[in-house]
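S.K.: The sequence isn't on hand, but the structure is:
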């Protein structure tokens, strides 16, 4: 599967074996990695797997970003992903999303 958007190869590889949109749960559409907080970071914490249709409707509201981040964190925990320094900096600078 090819995941679109300018994330690092390492970040894209974490999501390669997921086959459905995390927003609408459909698997019959192309998938992309959505930047939860915009293109401020290529951290996996800033990535949300989404189909092209849902991506076109993403609105970057605080409610949406919080929901997406929580889903991504649960996924990364299941994958036993180990946070690096850049991930921790991203997390700390966006802590308002977790409340």
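M.R.: Cool, the structure landed. Worth saying up front: this structure is predicted, and the values here are computed from it rather than measured.
S.K.: Every contact and neighbour count from this point should use C-alpha atoms.
M.R.: Fine.
S.K.: State the mean pLDDT of the strand or helix carrying residue 90.
M.R.: Assigned by DSSP states H and E, residue 90 belongs to helix 85-93. Computed over helix 85-93, the mean pLDDT rounds to 91.
S.K.: quick one: that helix to chain centroid distance?
M.R.: 14 Å (C-alpha atoms, centre = their mean, to the nearest Å).
S.K.: count of neighbours near the nearest residue to residue 11 once chain neighbours are set aside?
M.R.: Excluding the flanking residues, the one nearest residue 11 by C-alpha to C-alpha, 6 or more residues apart in numbering is residue 44, at 5.4 Å. Per other C-alpha atoms under 10 Å, the neighbour tally for residue 44 reads 27.
S.K.: was I right about residue 44 contacting residue 87?
M.R.: Yes: between residue 44 and residue 87 there is a contact at 7.4 Å, judged by C-alpha atoms under 8 Å.
S.K.: where's residue 75 relative to residue 17, distance?
M.R.: 12 Å (C-alpha to C-alpha, to the nearest Å).
S.K.: Settle it for me: which of the two has more neighbours?
M.R.: For residue 75 versus residue 17, the count of surrounding residues by other C-alpha under 10 Å is larger for residue 75: 16 against 9.
S.K.: tell me which element that one is part of?
M.R.: According to DSSP H and E, residue 75 maps onto helix 62-78.
S.K.: and if you look at residue 49?
M.R.: Applying DSSP H and E as the criterion places residue 49 in strand 47-51.
S.K.: Point out where the protein drops to low pLDDT.
M.R.: For the chain, the stretches with pLDDT under 70 are 1-5, 97-99.
S.K.: neighbours around residue 47, how many?
M.R.: 27.
S.K.: Buried residues, stretch 61-74. List them.
M.R.: Neighbour counts over stretch 61-74 (16 or more other C-alpha atoms under 10 Å) mark 65-66, 68-69, 71-73 as buried.
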